[in-house]
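*Asks:* Attaching a predicted model along with its sequence, questions to come.
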Amino acid sequence: MKNISSVGQPISRLEGHLKVTGEAKYAGEYEAENLLYGYVVNSSTTKGKVKSIHTSEVKKIEGIIEVFTHENRPSTAWFDFQYADMDAPPGNVFKPLKDDVIRYNGQPIALVVAETFELARYAAQRLEILYEEESFETDLKKNKDKAQAPKKGLASLLKPPPPKPTGDFEKEYINSFVKTDSFFTHSTEHHNPMEMYASTVIYEGKDKLKIYDKTQGTINSQMYVANVFGLKMKNVQVIAPFVGGGFGSGLRPQHQLFMAVMASLALKRNVRVILDRSQMYLIGHRPPTLQHTKFGATDEGKINAIYHKALGETSRFEDYVEIVVNWANMIYPAENTLLEHEIIPLDVFSPLDMRAPGGSTGMHAIEVTMDEIAYKLNIDPLDLRLKNYSDIDKSSGKEYSSKELQQCYLRGAEKFGWEKRSPKPRSMKRGNKLAGYGMATGIWEANRIFARAEVIMTPDGKVEIKSAVTDIGTGTMTIMTQIASDELGLPIEDIKFSYADSKMPFAPIQGGSFTTATVGPAVQNACQALNKKLFKIVKKSENSVFSAYSFKDVSFRDGKIFVTSKPDLQIHLKEIFKITGQQLIKTKNSAMPNPLTSGKKATGVHSAAFVEVEVDEELGTIEVKRALTVVAAGKIINPKTAESQILGGMIWGISKALHEETILDHQFGKYINANFAEYHIPVHADIQDLEVLFIEEDDKFVNDLGVKGVGEIGGVAIPPAITNAIFHATGKRIYNLPIHFNQVL
């Protein structure tokens, strides 16, 4: 028997040809009869009240259908919890057009609905708006005295507060052989996916809607719309088969969804609302963060004291928090720790999870601090990590279910040529350029939660699998098909994975690197259940060759069931439908963490990044010449899509270290570079030699598939590795991101 194996194969994305040929339709591209267009009007003041919005003249313009403001907004849900979503932090969710209060610059204060997008945009610019302005605060550094502990809520389960202090940090730190005391900052970042946020709402009759939404969670958007507008869940369908990037910005329903649904229900028409590029800077961001680290170590390089404090930005109405300071003791087993994280409420919109939220922030400070200790002790930075290696998560006292980080270090150093590094800063020169090597550790969570999947087989022996999960460009559709192919013993071409529709079986938001580990087992369970159902049918059939065998005795390959020890005893799956006369055979199954074992071990994804930079002594320009990331992330379902994820994270890491920042003018409380021309991101010339290696792990504790996520880990270690490489090249230790050329001159 031919042994089909799809898992582990570098299969190209099954929907790739649709995207590169332009056949894939995104949320703002679906056709609809008599479609109206909405354009969001944003506040030009930062805090205060709307005294008046003069809409009468605008409404006289031919083709203008309506202008919605807080004065004529249809009624919506009363209670705050009805506006919450799967990723909502503690506090009160922002409610568009609820009242006349202005809470942040760019707040949506009106929606103009017209026959065309261009007309709606023109009319929005013609509105006369008067404000009553109030003083505001948007400067994180100037408001450090306002820092407070974040409120706790359901979000605290996924974003736990820092562990309690251990040992006696102050005493051990004072007595340490070497000490560091460093302050770090990083600027605001915005997600900026290629596809802008859009919602096309199809009005299907009384209180019934079909919505094409740009989202990372169809059921999340469905729940939000149903709860806010008082609709039955079954009457709200959210569809999002193609998503042009998300990076976390689609984890929560954005206000264009609210606006489009509001207008559609009020006008009983099909309505589309799209945010333009500048408005994309008003829907959430990675918060600027201030960090303070103090590490102590023995003369042999053992880390014995860890202090890490972070101050993050949040809005006045929600307590957004990231996991920033929890990581160091998860990697380095110091006995004495003091970890603190506070937030500072400001007159800004709530921050939002951005790829590796908190991890890419905190690990930068941690790994640069480790590099400082290495140089103070005259120890190779790689050797310092190896001296402090542990298979225990010291912060919880639990052993890792799998942790091949040591192999990441060793294989990465060998592949990169780390031994060629001259240890002394400024010792590697190439003409007028200083060369530097840097390395850093990466860590991310290996979580999973609840999901369901349905498998349907038809008489031709083909299978359709259904799940509400989205595919934001990560390859979810492809790897779920691969998982099903192996479980069912069918070639990939005989399997169709239908997804991103809220009417399909439950799947959570796609984020946190838990999608494959969450939905994959649900697909696996549903496929196994179908196999058992098929075998039960043939075993009970008249004159069955399987009557003397049990399910464990058979295998499924090449579209057939056969006795493993006697391959000649077989039946084609198509024959089963002749036995039953059925048109469909289907199962629906769920998967979730085992409550008996969950939490008994620490789980995580680990990486080691190695970077080479060149810094021009005269111009201060910084080039990342090459970078290598070695990742230990359980079983790799598809090396091609997984590598793509890590490469994307590495590019983002380069962007975070050297390019990306949104500048807030605190005089006006407004972002002043809300465009792609001035918000710098890497271009082709900035990206040179990038390489990815995987160290596979056999870890059935995380799930039966043994998979962990790779979406976030690629970007975690790159910024500190670049920072450390710049120090090695120049001898200048830089603590703020992004690093500009004037800082190295």
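*Replies:* Received the coordinates, thanks. Numbers count the residues shown, from 1 in each chain.
*Asks:* Can you say which helix or strand has Arg121 in it?
*Replies:* Assigned by DSSP states H and E, Arg121 belongs to helix 117-126.
*Asks:* what's whatever helix or strand comes next after that helix packed up against?
*Replies:* Of the helices and strands lying after helix 117-126 in sequence (DSSP H and E), the nearest is strand 128-133. Applying 3 or more C-beta pairs under 8 Å, 6 or more residues apart in numbering; DSSP states H and E, one finds that strand 128-133 makes contact with strand 48-54. For glycine as for every other residue, the C-beta is placed from the backbone atoms N, C-alpha and C.
*Asks:* buried ones in the helix holding Arg121?
*Replies:* Phe117, Leu119, Ala120, Arg121, Tyr122, Ala123, Ala124 (16 or more other C-beta atoms under 10 Å).
*Asks:* Look at the last one and report its pLDDT.
*Replies:* With respect to pLDDT, Ala124 scores 98.
*Asks:* Tell me how far it lies from Asp213.
*Replies:* Counting by C-beta to C-beta, to the nearest Å, the gap from Ala124 to Asp213 is 22 Å.
*Asks:* Same check on the third one?
*Replies:* In this structure, Ala120 and Asp213 are 19 Å apart, going by C-beta to C-beta.
*Asks:* Kindly report the same for the fifth one.
*Replies:* Noted for Tyr122: a distance of 26 Å to Asp213, by C-beta to C-beta.
*Asks:* For Val563, grab the count of nearby residues.
*Replies:* 16 (other C-beta atoms under 10 Å).
*Asks:* and it, what is it in contact with?
*Replies:* With contact taken as C-beta atoms under 8 Å, 6 or more residues apart in numbering, Val563 is in contact with Val545, Phe546, Tyr549, Asp553, Val554, Ser555, Leu569, Gln570.
*Asks:* Can you tell me which of these is nearest Ile492?
*Replies:* Nearest to Ile492 among the contacts of Val563: Ser555, at 18.3 Å, using C-beta to C-beta.
*Asks:* That closest one touches Lys566, doesn't it?
*Replies:* No - with contact defined as C-beta atoms under 8 Å, Ser555 and Lys566 do not form a contacting pair (10.8 Å).
*Asks:* Looking at these two now, which is surrounded by more residues?
*Replies:* When Ser555 and Lys566 are compared for neighbours, Ser555 comes out ahead with 18 against 12, by other C-beta under 10 Å.
*Asks:* list the contacts for that one?
*Replies:* Ser555 sits next to Met1, Gly489, Ile561, Phe562, Val563, Thr564 when contact means C-beta under 8 Å, 6+ apart.
*Asks:* Quick check: of these, which has the highest neighbour count?
*Replies:* Most neighbours among these, by other C-beta under 10 Å: Ile561, with 25 neighbours.
*Asks:* pLDDT score assigned to that one?
*Replies:* pLDDT for Ile561: 97.
*Asks:* That one pairs with what?
*Replies:* Listed beta-bridge partners, Ile561: Phe556, Ile571 (assigned using DSSP bridges).
*Asks:* these two touch, right, it and Lys539?
*Replies:* No - if you go by C-beta under 8 Å, Ile561 and Lys539 don't touch, sitting 9.6 Å apart.
*Asks:* list residues touching both of these two?
*Replies:* Common neighbours of Ile561 and Lys539, using C-beta under 8 Å, 6+ apart, are Phe546.
*Asks:* Which stretches in the stretch 151-300 of the chain count as strands?
*Replies:* Per DSSP state E, counting those that start in this stretch, the stretch 151-300 of the chain carries strands over the ranges 178-179, 182-186, 198-203, 209-213, 236-239, 271-274, 289-297.
*Asks:* Could you look over these and pick the most buried one?
*Replies:* strand 271-274 (a mean of 27; mean count of other C-beta atoms under 10 Å).
*Asks:* any idea of the mean pLDDT in it?
*Replies:* Strand 271-274 comes out at a mean pLDDT of 98.
*Asks:* Then stretch 634-645?
*Replies:* In this model, stretch 634-645 has a mean pLDDT of 98.
*Asks:* Now it: buried residues?
*Replies:* Gly634, Lys635, Ile636, Ile637, Asn638, Thr641, Ala642, Glu643, Ser644, Gln645.
*Asks:* lowest average confidence, helix or strand, in the chain?
*Replies:* Lowest by mean pLDDT, DSSP states H and E among the helices and strands of the chain is helix 155-158, with a mean of 70.
*Asks:* between the buried residues of stretch 634-645, which is nearest His255?
*Replies:* The closest of those, once distances to His255 are taken by C-beta to C-beta, is Gln645, at 28.9 Å.
*Asks:* which SS state does Ile579 fall under?
*Replies:* Here Ile579 takes the helix state, with states given by DSSP: H, G, I helix; E, B strand; the rest coil.
*Asks:* That one against Ser544, yeah?
*Replies:* No - counting by C-beta under 8 Å, Ile579 does not reach Ser544; the two are 9.2 Å apart.
*Asks:* Need the residues touching each of these two.
*Replies:* With C-beta under 8 Å, 6+ apart, Ile579 and Ser544 have common neighbours Val538.
*Asks:* what about Gly475, neighbour count?
*Replies:* Using other C-beta under 10 Å, Gly475 has 25 other residues around it.
*Asks:* List the contacts of it.
*Replies:* Contacts here follow C-beta under 8 Å, 6+ apart; on that basis Gly475 touches Arg13, Asn638, Lys640, Thr641, Ser644, Gln645.
*Asks:* mind redoing it with 6 Å?
*Replies:* Counting by C-beta atoms under 6 Å, 6 or more residues apart in numbering, Gly475 touches Arg13, Thr641.
*Asks:* So it versus Val463, what's the distance?
*Replies:* Using C-beta to C-beta, one gets 19 Å for the distance from Gly475 to Val463.
*Asks:* Please spell out which residue in the protein sits farthest from the middle.
*Replies:* Centroid-distance maximum for the chain: Asn543 at 53.6 Å, with C-alpha atoms, centre = their mean.
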